[in-house]
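**Student:** How does the following fold in three dimensions:
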Amino acid sequence: MNISTKFTYVIATIIFLTSCHERKKYVQSTFRESNLQAFFVEIDNTCDTVIHAPGGSFISIAAGSFEGGNGSKVRLAIKEALNISDIITAGLITESNGKMLSSGGMIDIEAAEGQTCTNL
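**Tutor:** This is a model prediction of the structure:
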């Protein structure tokens, strides 16, 4: 997808989002985090780990970062929103004190479904 197409997509989405207040329910059901593809990885919680995610992100996880789970193994679900179209499609926002912020991307790391662990 070239820059011009991305820009057009972003502008069209912004116009759509701001054009009519009644569309809020439709927008909330259309633009949601579940639109992002999850990448699953199993790590050994007793070792420092560096993950190279499909979008190009390098994620460093220190040994002992998670508590619980099945022994030393922890299965993680990682979602990357690394460009504006991913961020909009996932319905993500970046704001502080009610003001919009610029974002170079976002990464969500959670325990995979069925996994019971918490981060420390």
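**Student:** quick one: average pLDDT of the longest strand along the chain?
**Tutor:** If you go by DSSP state E, the chain has its longest strand at strand 73-81. For strand 73-81, mean pLDDT rounds to 89.
**Student:** And stretch 92-102, by the same measure?
**Tutor:** Stretch 92-102 shows an average pLDDT of 80 in the prediction.
**Student:** what's the first-to-last distance across it?
**Tutor:** 12 Å (C-alpha to C-alpha, to the nearest Å).
**Student:** How about residues contacting that stretch?
**Tutor:** For stretch 92-102, contacts defined as C-beta atoms under 8 Å, 6 or more residues apart in numbering pick out 33, 81, 87, 103, 106. Quick note: C-beta positions are derived from backbone N, CA and C, even for glycine.
**Student:** Now do the helix or strand following the longest strand of the chain: which elements does it pack against?
**Tutor:** Following strand 73-81 in sequence order, the next helix or strand is helix 84-89 (DSSP states H and E). In terms of contacts (3 or more C-beta pairs under 8 Å, 6 or more residues apart in numbering; DSSP states H and E), helix 84-89 is packed against helix 3-19, strand 73-81.
**Student:** Past helix 84-89, which element shows up next along the chain?
**Tutor:** strand 95-96.
**Student:** what are the pairing partners of that following strand, and which direction each?
**Tutor:** Strand 95-96 has the following strand partners under DSSP bridges: strand 99-100 (antiparallel).
**Student:** How is the chain partitioned into domains?
**Tutor:** Here the domain assignment for the chain is 1-30, 32-119, based on automatic domain parsing.
**Student:** Would you single out the least confident of these?
**Tutor:** Comparing mean pLDDT across those, the weakest is domain 1-30, with a mean of 59.
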